[in-house]
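Colleague: Requesting a structural model of the entry that follows:
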Amino acid sequence: MTSAKYDVLGIGNAIFDVLVQTDESFLAAHEMTKGGMALIDEARALAIYGAMGPATEMSGGSAANTIVGIASLGARAAYVGKVKDDQIGKLYSHDIRAAGVSFTTPAATGGPATGCSYILVTPDGERTMNTYLGAAQDLTPDDIAPAEIAASAMVYLEGYLWDPKSAKEAFLKASKIAHGANRQVALTLSDAFCVSRYRDEFLQLMRDGTVDLIFANESELHALYETADTDTALGQLRKDVALGVVTRSEKGCMIASKSGVVEVPAFPIDKLVDTTGAGDLFAAGFLFGLARGLDHKVCGRLAALAAAEVIQHIGARPQVSLKELAQQNGLPV
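Modeller: Residues are numbered from 1 along each chain as shown. Purely as a prediction, here's the structure:
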């Protein structure tokens, strides 16, 4: 196996985030399911944006947030995602490159605008997302550069890619190239509603070896195995995939492999502000640890630290150097 140019390459929906702090009544008035992610059309996007209060706007997208976190920890990172050659698309491209991430996917010159997610954050820190995929849904297999995939030690994919058909095909192409180069493929299940839509397909990806590592939270794990019993689901997860990492909010995480289940506690925080990006940054810390050859427990500690940083402020990307933060907490980077 040749040495890797990148530690981790992420593929995902390139989405610009519009975040606003609101209350439960706003969610009810607009018939939103709290804590979930709904796909919306342009008309609905405009209606929500018009009704929102003052917003914080920044680049986002689940896998992109993870890749930015990995770069912040000091790893070599790359990203594949589709934006349009419009004002928001240019801003998005600038932001991810400024974070130290290689981003070479050609911008679309026609078609829908760069995708946006309208994220409502309630006082308990829970985030409810309404996503207009826009240009992101036009990611195709042609956007997957075989040499870049083969040169990446790990390829990280988001479950949200399973919504647009062409992105799904890009996902499968990337996995095949990665495995052909003896690289590893990781998948985050993204959202319990996403799992409900594609449960059988996700299980197939795990069981046929298309993915080697799964990230899920408890609700996604329960949706995947159609059970409310975590132990039962974990037992099945260990049979279906080489490595599964299940996050449990303030209860930390469980790392399931053929050899057993390891539990790692959450990192203490001062105040929960916004859970947007918690899972994304958790994955960043864990993947970084794997890229450095660290044991699963240390990977879990790095993951918990990165997640703790991001939930203490608005927005899904770190506001400090995660490498320095890890060093301050005695963790290897």
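Colleague: Give me the residue ranges of the protein where confidence is low.
Modeller: Scanning the chain for pLDDT under 70 picks out 1-2.
Colleague: All the helices of it, residue numbers only.
Modeller: 24-29, 42-51, 62-72, 87-98, 146-150, 165-180, 192-207, 218-225, 230-240, 278-291, 296-310, 322-328 (DSSP state H).
Colleague: of those helices, which approaches Cys116 most closely?
Modeller: helix 42-51 (6.3 Å; Cβ to Cβ). Just so you know, the C-beta spots here come from the backbone N, C-alpha and C atoms, and that holds for glycine as well.
Colleague: Going by neighbour count, which residues of that closest one are buried?
Modeller: Using 16 or more other Cβ atoms under 10 Å as the test for burial, helix 42-51 gives Ala45, Ile48.
Colleague: In terms of secondary structure, what does that helix contact?
Modeller: Under the contact definition 3 or more Cβ pairs under 8 Å, 6 or more residues apart in numbering; DSSP states H and E, helix 42-51 sits against strand 115-121, strand 127-132.
Colleague: Just say which of those is most tucked in.
Modeller: strand 115-121 (a mean of 25; mean count of other Cβ atoms under 10 Å).
Colleague: List the neighbouring strands of it plus their orientation.
Modeller: Applying DSSP bridges, strand 115-121 is found paired with strand 15-21 (parallel), strand 127-132 (antiparallel).
Colleague: Kindly state which of the ones you listed is positioned closest to Gly36.
Modeller: So among the strands paired with strand 115-121, strand 127-132 is nearest, using Cβ to Cβ, at 6.4 Å.
Colleague: who wins for proximity to Leu139 among the helices of the chain?
Modeller: The nearest among the helices of the chain, by Cβ to Cβ, is helix 165-180 at 4.6 Å.
Colleague: and the angle from that closest one to helix 192-207?
Modeller: Angle of helix 165-180 versus helix 192-207, following axes from the mean of the first three to the mean of the last three Cα atoms, to 10 degrees, is 30 degrees.
Colleague: Is Asp23 in contact with Glu126, as I believe?
Modeller: No: judged on Cβ atoms under 8 Å, Asp23 makes no contact with Glu126 at a distance of 11.4 Å.
Colleague: and those two? which has more neighbours close in?
Modeller: A direct count of neighbours by other Cβ atoms under 10 Å for Asp23 and Glu126 places Glu126 higher, at 16 against 11.
Colleague: Now do the more buried one against Val273, distance only.
Modeller: With distances taken as Cβ to Cβ, to the nearest Å, Glu126 is found 11 Å from Val273.
Colleague: Now the strands paired with strand 115-121 in CSV, please, with extra columns for distance to Leu290.
Modeller: Converted to CSV, the strands paired with strand 115-121 look like this (distance: least, Cβ to Cβ, whole Å):
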stretch, distance to Leu290
strand 15-21, 25
strand 127-132, 27
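Colleague: quick one, which of these is nearest to Ala308?
Modeller: For Ala308, the closest of those is strand 127-132, at 16.1 Å, according to Cβ to Cβ.
Colleague: relative to helix 42-51, how tilted is the closest one?
Modeller: Using the same axes, to 10 degrees: strand 127-132 against helix 42-51 is 130 degrees.
Colleague: what does strand 127-132 rub up against?
Modeller: For strand 127-132, contacts defined as Cβ atoms under 8 Å, 6 or more residues apart in numbering pick out 13, 15, 19, 27, 32-42, 44-45, 48, 115-122, 160, 274-276.
Colleague: what does stretch 217-226 give?
Modeller: 189-192, 194-196, 199, 202-203, 216, 228, 230, 232-234, 236-237, 246-249, 279.
Colleague: Can you say which of those are buried?
Modeller: With neighbours counted by 16+ other Cβ under 10 Å, those contain buried members at 189-192, 194-195, 202-203, 216, 230, 233-234, 236-237, 246-248, 279.
Colleague: give the contact list for the nearest residue to Asp163 once chain neighbours are set aside.
Modeller: Distances taken as Cβ to Cβ, 6 or more residues apart in numbering place Leu39 nearest to Asp163, at 6.4 Å, with adjacent residues excluded. Each residue near Leu39 by Cβ under 8 Å, 6+ apart is listed here: Thr131, Tyr132, Leu133, Asp163.
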